[in-house]
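Colleague: Mind folding the following:
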Amino acid sequence: MESEVRDLRLRTGITVPCLVQGDAGAKPVLLLHPWGESRRSFDRLIPLMTGFRIYAPDLRGQGEADKPEGGYSLAEQAEDAAAILDALNVRRAFVVGSSSGGYVAQQLAVVHPEKVAALVLVGCPVSLHGRAPFADEVDTLTDPIDEDWVRDSLSWFPLLHEVPPWYIEDRVRDGLKMPAHTWKRLLNGLSEASPPTESGTIQAPTLILWGARDNLLPRSDQETLAARIPGAGLLVYPDVGHMVLWECPELVAEDTTAFFRSLARRPPSVRHPGTGRPAGTLASKLKATYENLPLPLPTIAAMALDVLLARLRPMPLPGPRSLHRLKGAALVLAGVGLNLWALAERRRRSAGPFALEEPEELVVTGPYAITRHPMYVGWWLIQLGAGTLAGSSWVLVTLPAELLVEHRFVLGEEAVVAELFPQSYPDYAERVPRYVGFPRA
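Modeller: Model (predicted):
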């Protein structure tokens, strides 16, 4: 897998190293590490994040990044993250933030929403405002940093799962690379800032990953965080502490990958502690199924209008009634068959329930190789068939108007998919017609 470390000169006045790994055409993911760590804290996660273009920088004052005297407020840390994307020529990225790195990610999503396609917050606080319980210890630090203190500081967050010794030693080295002033000023910058979700609204699709046995962040805080972000989902890992990324990188990679590969049209399910099973009511499942058929509202309205007009002012189709029934039945069966075929194809090619994967993978087989919107075509056939079965000419009046309305919805959906898959979607759109026709060679 292609991998390199680039030294990025940022418009905020510092230079930071950034690991770049993955295919240049893949969807970009920016990883933001916690206070006191470095990009290497993602060493066990990155190999599991296949199919993405990974960007993992050392942040200001940490790792091998520059360590100036100032620039450590939360706002300035978020501006560094935005400047990193600018330096990489990445217009918009998925963002993963671990612990306080997720706090920086929240601020980035508030002040630069155009740069954040989606968020994954791993063991992340809703607020760090106020004095941390270990702030007194940090205030006493002097250079050079004592190795025993760094090792002792790891005990602030008890580990409930075995973590490789080499990984812990790497985190000790991260701590020793930081001078005393960066330990202090980074912590002060986080604790003095207003919580991002109180100063603005995060509009990006968001997944929150939290350990049920976190001794620092209570569940109520995570539920508050989820409630403040429209549509956010919360996944709870039983028997995992605060250091979610340290303890279960495999689960983080699995859920993050599934979330990013979905079209992020609805929030992930909440998992109950101790079960790991998604929670969901029958109503929510029916709603999810309805949203993914799709059965457009204009189609429902047009079919209802057809029935109403036929009753109030009948306008029969010319020709023999038996022929209308035959043609109508054939159209309805064709529409139902196309929808069932498209639904099966969508489910077969999913990272999660009903979630489409990359567009280039859809052109191989099935209805998505013939049209980008097979289910819309299916419902139009059903509506035309139902009207023909009824022998009413009104369907020939309402259907064209309905098509114009639904075309606007289609354009909006295509814009979302093009944004999620900027590399692959233009080629797919060129090869596959929007509604009818056959794939181009």
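Colleague: Could you use CA atoms for every contact and neighbour count after this?
Modeller: Fine.
Colleague: Beta-bridge partners for Ala93, please?
Modeller: Val116 (DSSP bridges).
Colleague: list the contacts for it?
Modeller: Contacts for Ala93 (C-alpha atoms under 8 Å, 6 or more residues apart in numbering) come out as Lys27, Pro28, Val29, Leu30, Lys115, Val116, Ala117, Ala118.
Colleague: Turn those residues into JSON lines, including neighbour count, distance to Ile145 and pLDDT.
Modeller: Formatted as JSON lines, the contacts of Ala93 follow (neighbours: other C-alpha atoms under 10 Å; distance: C-alpha to C-alpha, whole Å; pLDDT from 0 to 100):
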{"residue": "Lys27", "neighbour count": "23", "distance to Ile145": "39", "pLDDT": "92"}
{"residue": "Pro28", "neighbour count": "26", "distance to Ile145": "35", "pLDDT": "94"}
{"residue": "Val29", "neighbour count": "25", "distance to Ile145": "32", "pLDDT": "97"}
{"residue": "Leu30", "neighbour count": "25", "distance to Ile145": "29", "pLDDT": "98"}
{"residue": "Lys115", "neighbour count": "21", "distance to Ile145": "36", "pLDDT": "96"}
{"residue": "Val116", "neighbour count": "24", "distance to Ile145": "35", "pLDDT": "95"}
{"residue": "Ala117", "neighbour count": "22", "distance to Ile145": "38", "pLDDT": "93"}
{"residue": "Ala118", "neighbour count": "23", "distance to Ile145": "37", "pLDDT": "94"}
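Colleague: Taking those residues together, which two end up most distant?
Modeller: Lys27 and Lys115 (13.1 Å; C-alpha to C-alpha).
Colleague: in the stretch 1-150 of the chain, which spans are strands?
Modeller: With DSSP state E, counting those that start in this stretch, the ranges of strands along the stretch 1-150 of the chain come out as 3-9, 15-21, 27-32, 52-57, 93-98, 116-122.
Colleague: out of the ones you listed, nearest to Leu317?
Modeller: strand 116-122 (50.1 Å).
Colleague: coming back round to it: Throw the contacts of Ala93 into JSON lines and include distance to Pro238, thanks.
Modeller: Output for these, formatted as JSON lines (distance: C-alpha to C-alpha, whole Å):
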{"residue": "Lys27", "distance to Pro238": "30"}
{"residue": "Pro28", "distance to Pro238": "30"}
{"residue": "Val29", "distance to Pro238": "26"}
{"residue": "Leu30", "distance to Pro238": "27"}
{"residue": "Lys115", "distance to Pro238": "32"}
{"residue": "Val116", "distance to Pro238": "29"}
{"residue": "Ala117", "distance to Pro238": "28"}
{"residue": "Ala118", "distance to Pro238": "24"}
